[in-house]
Every structure is written in C-alpha cells, then in structure tokens.
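Novice: Here you go, sequence then predicted model.
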Amino acid sequence: MSSTLDITFQASDPLVAYSPYSEGDVTGGWKTFIPSAETVPSVNNSTQPKGSTTKRTRFNGSSLTFSFYGSTLLLYGNTGDGCKYTVSIDGGAATPYTASNQLLMARYDLGQTQHTAVLTVEKVDTFFAFGRAVFSAPLDGATRMVNETIGYADSRWVSEGTWSKDETTVPSLDESKLIQITKTKGASATLTFQGSAIYLKGNLMTDHGQFTIELDGQTELFNGTAGYLFQDALLFFRAGLDAAQSHTLKLTNVNDKYLDFYEATVIRALNEDSSSPSTSTATHSSGIQPGVIVGATLGALAFIVAITLGALVFRSRRRRQRRLSQATWRARYLTQPSEEPTMVHLPPPARPVPLRRADSSVPGYSPVHSSSQSTDLSSEQPHPWRASEFATSSINTVLPPYQ
C-alpha cells in the first residue's frame, strides 16, 4: 500500500506561466476572469474574488506551461464553440483534445517523474478558459505521510536583505497568518530541510513582481503579479525528492516590487514497517563480530571458574583451622586433670564519697549534673531523621543522689 499526493494548480498560481502575457486584454493574451461579480473583504479595506477564477483568452496561439511531478494529469476549464487546442507532454507530439463537462484533457499513463505540460490554443472564436490542473504523485513504499509547517519565524529560515514581518487576515481560511515581506531587489530567504516534497505559500497582487526559486542548485523564474489580490497562493511545489538527503530551497526577489510568503510545508513519506524500533535494534545487534562474542564468553567462563575454585579453597582452609582450634581447646580445657581452684580474696570496695553542691573539698569537682541541674540538648546538632523532635522539645538529664 502506497500513499498518493493529490495536488492542484489553480489558474492564478504563479506555477502556471502564460504567453504572450498573463494579465491584459483577452484579444492579445490572457486575463483573469471572475465567475461572478461577488467579492469578499480582504486586507487594507480591499476585496478579493469569491470562488474559483479562470484565465481566459481570445488570442490564437496563446499558451500556458507548467511543470509537475506525478503519473496522472487532468486539466479543467471551458471552451466556446469551434475552439481547438493541443497538449504536449515533455516535448512530445501536440495532441488535440475536445472539452467535455469542463474536462479539457486527462492522462493516466505518465511515468512517475518530473514532467512539463504545454497547452496551446490553436483556434478560438469566442473564448478559451483554463481553470486548474490536478495531478497525482504516488510515493512508493510509503504507508503514510507527515506534514511539517515551517513558518517564516522558524530559525531554519535564513534571510538576507531587508524583510519586514506583518500579520494579515486570510478570509478564505478564516484565520490570520504571519507573513514575511520585502521590496528589496535581491533579498532572499533560504530553508534547509529533509523530506519527499515541499510547497511554499504566499500572496499575489498587482504590486508584486517576479521571483526565483532555487532548489538544490536548479533555479526557476515565477511571476507574482496578479490582477487581483490572491491570498494563500501556491508559490512553489516540488515532489519526488530523496527523503534521506538534505535539500536547500532559496526564494529571491528579482526586482524592487513586493514579494511575500507565509510558510513552507515539508511532506515526509514514512514506511512504518521498515522503520519499526524492533527492526532497527536487530540490525544494530547483528553488527557485532562473532570473534568478539566468543572471546568475551570464554573470558567470562574462566573468571567464574577461578572465583569458584578460590571459594572452595578458602572454605577448606577455614574448616581445617576451625578443627585445629577446637582440638587445641579440648586438649587444653577438657583433658587437663581437675584441680582445686585457688580462691583470691579481694578487699571490699571503698564507699563512694557523696558529692555536694560547691563541695570544694573534692578535687576536680564541678557541679555539672545534680538533682536540680538540667541539660538542654536542643542546641546540639540533631540527627536528620529526628530533627522535628529536637525542634519542639528538649531532654532533661537528672542524676539521682548517692545513697
């Protein structure tokens, strides 16, 4: 079972390049078309189109080009009567198609790699409208995918030139996002990451200009100019990356017009079966050399045998010494003939001299302990386990008087 990325390029995304131009009169190129006149509020008291937009043309020879990674491709849009167009994949033959229920073309037999598609309007009487491109990118061997959003405030972004930070409201997402903005020619932002795919989002507007994306040394040019404000637009997408390698993405402003972005999203394809902890542990264990294992085992056995023999010898000697000492004791105390013990008469002990308070007749006397003297031990250092007892009480030591 493999996971699949389903990606959509909207007609307004800068990933789609238009010729002769992307915004102007339809009789000479392409122009953004709003399905209805209804709009929604946006930043700075402006508005933006509600719903999906299309790019329209009435110029014979108009074309659009985009690159994608995947094995299937579907193009959506609409045409007027008598319109003729062709699609070429990777420089191949230009194949004519006929629109049906807003489906301009479909290919399901593409190889899983990076492709370039070119749609050319051969003949148009009324209009030709392009809406979006949808493609699928299977990730072989991946059982699931994990997305990591890396905002501009993340320390992995390295900026050069003059950038400013701002907060903008995105009505289509019903939330606010922090953006990184520049109007400095040559200003750049670089991100180093690991993953299978990455995409970058930002804003498009009439005062925005061209920018480049450099991924692992390959540079592409995009146009951020749009007839309306398009928020949360897809500025860049790339799949089919080696997840085990480190990749570098660099965003650069080409001229002195505005360029901004919200965040980058890195997609990691995971294979849970091959990345389980038990498999990893077994792999590390098998790396030990057999000679090391055998040598360590023999050394341990020799050590155990030596300890055991030493213990047996020690116990044998202890038993021998115990038997000798017992024999000596019997020979000395049990085998000797009994004799009448000699009685030694000791004089009676001297009567103790009673101690009296301030009795100076007794040399060295100091009235430390007496029946009326108490010793407070609360000032001594208590044992840590009984500190509470010493903190709340004292001990009185009273010696009884001599009889």
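Specialist: Yep, that arrived.
Novice: Can you tell me how far the residue lying closest to F222 once chain neighbours are set aside is from D154?
Specialist: Nearest-residue entry for F222: P14, 4.1 Å, with adjacent residues in sequence omitted and distances by C-beta to C-beta, 6 or more residues apart in numbering. Where you see a C-beta, it was placed from the backbone N, CA and C, and this is true even at glycine. P14 sits at a distance of 23 Å from D154 (criterion: C-beta to C-beta, to the nearest Å).
Novice: Am I right that T308 falls within a helix?
Specialist: Yes - the assignment for T308 (DSSP: H, G, I helix; E, B strand; the rest coil) places it in a helix.
Novice: Compute the number of surrounding residues for it.
Specialist: T308 has 10 neighbours, counted by other C-beta atoms under 10 Å.
Novice: Also S176?
Specialist: Neighbour tally, S176, other C-beta under 10 Å: 10.
Novice: Can you classify it by secondary structure?
Specialist: S176 is classified as strand under three-state DSSP.
Novice: Bridged to it, which residues?
Specialist: S176 has these beta-bridge partners by DSSP bridges: T169.
Novice: Please apply the same query to F135.
Specialist: Under the criterion used (DSSP bridges), F135 bridges to I7, L73.
Novice: Spit out the contact partners of it.
Specialist: D6, I7, F68, Y69, G70, T72, L73, L74 (C-beta atoms under 8 Å, 6 or more residues apart in numbering).
Novice: residue ranges of the helices in the stretch 151-300 of the chain, please?
Specialist: Applying DSSP state H, counting those that start in this stretch to the stretch 151-300 of the chain gives helices spanning 277-285, 290-333.
Novice: Columns distance to S159 and pLDDT on top of the contacts of F135, output as JSON lines?
Specialist: What follows is the contacts of F135, written out as JSON lines (distance: C-beta to C-beta, whole Å; pLDDT from 0 to 100):
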{"residue": "D6", "distance to S159": "32", "pLDDT": "89"}
{"residue": "I7", "distance to S159": "27", "pLDDT": "92"}
{"residue": "F68", "distance to S159": "29", "pLDDT": "94"}
{"residue": "Y69", "distance to S159": "28", "pLDDT": "92"}
{"residue": "G70", "distance to S159": "32", "pLDDT": "90"}
{"residue": "T72", "distance to S159": "37", "pLDDT": "94"}
{"residue": "L73", "distance to S159": "35", "pLDDT": "96"}
{"residue": "L74", "distance to S159": "37", "pLDDT": "97"}
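Novice: okay if I get those as JSON lines plus distance to T190 and neighbour count?
Specialist: As requested, these are arranged in JSON lines below (distance: C-beta to C-beta, whole Å; neighbours: other C-beta atoms under 10 Å):
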{"residue": "D6", "distance to T190": "29", "neighbour count": "10"}
{"residue": "I7", "distance to T190": "24", "neighbour count": "18"}
{"residue": "F68", "distance to T190": "24", "neighbour count": "22"}
{"residue": "Y69", "distance to T190": "22", "neighbour count": "19"}
{"residue": "G70", "distance to T190": "27", "neighbour count": "23"}
{"residue": "T72", "distance to T190": "33", "neighbour count": "18"}
{"residue": "L73", "distance to T190": "31", "neighbour count": "21"}
{"residue": "L74", "distance to T190": "34", "neighbour count": "16"}
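Novice: if we look at stretch 30-37, which residues are touching it?
Specialist: Here stretch 30-37 has contacts from 11-12, 18, 21-25, 49-57, 62, 64, 129, 226-228, using C-beta under 8 Å, 6+ apart.
Novice: In strands only, show me those.
Specialist: Applying DSSP state E to the contacts of stretch 30-37, the entries found in strands are Y18, P49, T54, K55, R56, T57, L64, A129.
Novice: okay, P14 and D154: which has more neighbours?
Specialist: Counted by other C-beta under 10 Å, P14 and D154 do not tie: P14 has more neighbours, with 25 against 12.
Novice: In this structure L191 contacts S155, no?
Specialist: No - taking C-beta atoms under 8 Å as the definition, L191 is not a contact partner of S155, at 10.6 Å.
Novice: quick one, which of those two is more surrounded?
Specialist: Each of L191 and S155 has its neighbours counted (other C-beta under 10 Å); L191 has more, 19 against 6.
Novice: List the residues that contact that one.
Specialist: Counted by C-beta under 8 Å, 6+ apart, L191 has contacts I150, R156, W157, V158, T248, L249, K250, A264.
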